[in-house]
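>>> Give me coordinates for this.
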Amino acid sequence: MRTKVAIALATVYIVWGSTYLAIAVADQTLPPLLMLAVRFGIAGAILYGWSLWRGDVAARRPGRREWTAAAIVGGLLAEAFLALAIVLPGLLVQDTYRYAFVAKGVPMHAFACDLTWAVILVPALIFVGNGPTTSLAVPILVWGGSGIISAGVGMALGRTLPSVRQARAWFVGTRDLGLRYAAEALIAQAPFQITLFVLGSVAGLAATASLRGAQVLLGPIGMLIIGLSIVGVPEGVRRYRSSGARALRGPTALLSLGAAALTLVWGLALGLLPVEVGEKILGDTWSGASAVLAPVTLGWIGNTLAFGATVGLRVLADSRRSLVGRSTDASAEATGGVLGAFAGAAFGAALGLAIGQLFGIFAWWFMFDRAIKASVARGVPSAAPMTEEEEFLELSQASPDPGTAGLPIDDAMTDRQGGA
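Numbering: from 1, shown residues only. So this is what the prediction gives:
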């Protein structure tokens, strides 16, 4: 037995190690992506033939549906990612103008940009949806193209153009904040993603679909919190400059309580949806998602109750304590989600995440309280009026997006839950 194990490991070491030499040779004659496609295509065909010979897939041989899905994922998604790479820089410019307009005190300009985007995007998507195209790249290009037009409106309203030189100077001037906020953004995504991986391995893809489906249902709350953060941080900076750090306690607490109340109402409304309506929204995933809706809503309430503290820490530009709060919160979430997945599948994972998020409330508010005390010890900021350049610099250093207590970014945007 030991001899067989030794031979097997030696084979793995030699074959696996030789792939780097093979890649170096193949890369001279084939484009990298084509080379990978050929490599994995041949390997997949060999493994599939081996499984057929052994009888491993005789009972569950892939059919037309599985091959079609594989073709879509392998083919169309490549076009989709290419389309996203084309439009993403323009979308980031559009997003930056929105933040800048709110921070500068002209939110109607931000509204005009988003309204332009919506007026173009909605009818264009309806037209594409009713057309013959099946490529995912087309709606992505429509979405991104309309956003780029909106960015053009922002440039016209702001009478400015993006400047690479000034952007570099801004990054250099705020690098002490930027590195910590970047780390915080990465940490925020970890708990939900780790939980999904573990849940899929112990309970299957259906369980992960249920948890993800429930998160999608709470997505509008994530959008609401993003909107509140865009306004809350710059307004908080102005209040902090005029009245000091202690003046932030009341507004941030009200912000959390208001967001939590809206989350509770939204969760109750989702729980009362008829099955027919739920199935139209999520299809077959509705039954599983509705079963975990209560703990997922509880977790989002925990996020929103911490939301005010995250805004306050951004206002004070205390990136160190914000990173500590995020790390503590994420650790509790990941631990609860993983243990819950092993103990109770999708429902257990959702409940474990929620317990971690509720624990995070105390971590965030403790860090915010420490930040207020540190700010008071340094002295109340001057109430003298700032120049336009000083105000913009302070608002930009505070960062307009408090990370929404980690609520999903994806995707985008939002989520310490991935997606949080």
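>>> low pLDDT regions in the chain?
1-2, 5, 9, 12-13, 15-37, 56-61, 69-78, 133-134, 380-420 (pLDDT under 70).
>>> For it, which segments count as strands?
Listed in chain order, the strands of the chain (DSSP state E) span residues 407-410, 412-415.
>>> where along the stretch 101-250 of the chain do the helices fall?
Using DSSP state H, counting those that start in this stretch, the helices assigned to the stretch 101-250 of the chain run over residues 107-129, 137-158, 164-173, 175-203, 205-217, 219-243, 249-271.
>>> Out of those helices, which gets nearest to V324?
Of all the helices of the stretch 101-250 of the chain, it is helix 175-203 that lies closest to V324, at 9.6 Å by Cβ to Cβ. (Glycine included, C-beta is placed from N, CA and C.)
>>> Can you tell me which helices and strands the closest one packs against?
With contacts defined as 3 or more Cβ pairs under 8 Å, 6 or more residues apart in numbering; DSSP states H and E, helix 175-203 has these neighbours: helix 205-217, helix 319-378, strand 407-410, strand 412-415.
>>> State the phi and psi torsions of G131.
phi -90, psi -180 (degrees, to the nearest 10).
>>> Roughly how far does R321 sit from G379?
18 Å (Cβ to Cβ, to the nearest Å).
>>> Between those two, which is the more surrounded one?
R321 (20 against 9; other Cβ atoms under 10 Å).
>>> so that one makes contact with R370?
Yes: look at R321 against R370 with Cβ atoms under 8 Å: they come within range, at 6.0 Å.
>>> Could you tell me the phi and psi values at the residue lying closest to A371 once chain neighbours are set aside?
Leaving aside its chain neighbours, A371 sits nearest to D318 (4.2 Å; criterion: Cβ to Cβ, 6 or more residues apart in numbering). The phi and psi values for D318, taken as degrees, to the nearest 10, are phi -90, psi 80.
>>> want to throw the helices and strands packed on helix 175-203 into CSV with distance to D95?
Listed next are these as CSV, based on distance: least, Cβ to Cβ, whole Å:
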stretch, distance to D95
helix 205-217, 22
helix 319-378, 21
strand 407-410, 12
strand 412-415, 9
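>>> Buried deepest among these, which one?
Of all those, strand 407-410 has the most neighbours on average by mean count of other Cβ atoms under 10 Å, namely a mean of 24.
>>> re earlier: got the contact list for the residue nearest to A371?
M367, A371, A374, S375 (Cβ atoms under 8 Å, 6 or more residues apart in numbering).
>>> The first one and R54, how far apart?
Per Cβ to Cβ, M367 is found 56 Å from R54.
>>> what does the third one give?
For A374, the distance to R54 equals 65 Å [Cβ to Cβ].
>>> can you tell me which residues contact the nearest residue to P191 once chain neighbours are set aside?
Distance criterion Cβ to Cβ, 6+ apart; nearest residue to P191, sequence neighbours excluded, is E333 at 3.5 Å. The contact partners of E333, by Cβ under 8 Å, 6+ apart, come to P191, F192, T195, L353, G356, Q357, G360, R416.
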